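Undergrad: I need the structure of the sequence given here:
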Amino acid sequence: MSDPVDITDFKALALQYQDRVYNTCLGFLRNAQDAEDLSQEVFIEIFKSLDRFKGEAKISTWIYRIAVNKSLEALRKRKRKKRWSWLTSYEADLHEKSAVDNIHPGVLAENKERAGVLFNAIDRLPEQQKVAFTLFHIEGLNYEEIAETMHKSVSSVESLMHRAKNNLKKILYAYYQQDKDQ
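TA: As a prediction, this is how the structure comes out:
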């Protein structure tokens with residue numbers, strides 16, 4: 001049997017990575033409460049499996065991998081409950097408060113709409129492209145870190161990013177072309 005996890009070490013690890021894990025989950029789920037709940041699940045998983053961490057990758061990469069896998073799992077569950085997700089999403093939007101209160105409401109609404117269009121386009125990407133794109137643009141990881149997290153080569157990540165950008169261009173072009181025609 002392996003040694004028990006030192007609770008002091010775990011607390012230090014949780015404090016060091018709590019914001020990164022939350023931001024990773026938020027990047028995929030785009031709902032603050034869901035991201036917070038999932039972050040807790042991620043740290044429970046980390047605590048349960050910390051004694052099995054072999055050090056074959058950096059601890060940060062291992063933690064990102066758990067956060068990404070849990071986020072993708074949550075998205076899959078959400079898709080299975082698709083019929084009612086629009087209502088949940090709508091309620092969450094009603095309860096979310098803007099971080100910036102002194103900007104004109106029209107500007108906030110326009111920015112929120114643009115962000116919504118972009119995030120909807122990202123959601124339409126194939127899963128691997130979505131993961132790479134989110135880790136790069138939302139989490140700020142470099143290609144090497146993404147490659148480690150996804151268990152891929154750097155050239156595979158470059159290819160995923162290239163395809164993701166091309167697919168987003170097509171999706172967004174179609175959206176704005178349709179908007180322009182109306």
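
Undergrad: neighbours of residue 72, just the number please.
TA: A count of neighbours around residue 72, defined by other Cβ atoms under 10 Å, yields 14. The way it works is simple: take the backbone N, C-alpha and C, and place the C-beta from them, glycine included.

Undergrad: same question, residue 141
TA: 22.

Undergrad: ok, it touching residue 135?
TA: Yes - here residue 141 lies in contact with residue 135, judged by Cβ atoms under 8 Å, at a distance of 4.6 Å.

Undergrad: who touches both of these two?
TA: Between them, residue 141 and residue 135 share these contacting residues under Cβ atoms under 8 Å, 6 or more residues apart in numbering: 64, 149.

Undergrad: longest helix in this structure, by residue count?
TA: If you go by DSSP state H, the chain has its longest helix at helix 154-181.

Undergrad: Same question for that helix: list its buried residues.
TA: Along helix 154-181, the positions that meet the burial threshold by neighbour count (16 or more other Cβ atoms under 10 Å) are 156-157, 160-161, 163-164, 167-168, 171.

Undergrad: in this protein, which spans are helices?
TA: In the chain, the segments counted as helices under DSSP H are 7-29, 32-49, 59-80, 82-95, 105-123, 127-137, 143-150, 154-181.

Undergrad: lowest-confidence stretch among those?
TA: Taking the mean pLDDT of each of those, the lowest value is held by helix 82-95, a mean of 48.

Undergrad: for stretch 40-54, the distance to its chain's centre please.
TA: Centroid displacement of stretch 40-54 relative to its chain, using Cα atoms, centre = their mean, to the nearest Å, is 19 Å.

Undergrad: Excluding chain neighbours, give the residue nearest to residue 64 in space.
TA: Closest residue to residue 64 in three dimensions, ignoring its sequence neighbours and counting by Cβ to Cβ, 6 or more residues apart in numbering: residue 149, at 4.6 Å.

Undergrad: In this structure the one you found contacts residue 61, no?
TA: Yes - in this structure, residue 149 sits in contact with residue 61. The criterion is Cβ under 8 Å, and the distance is 5.4 Å.
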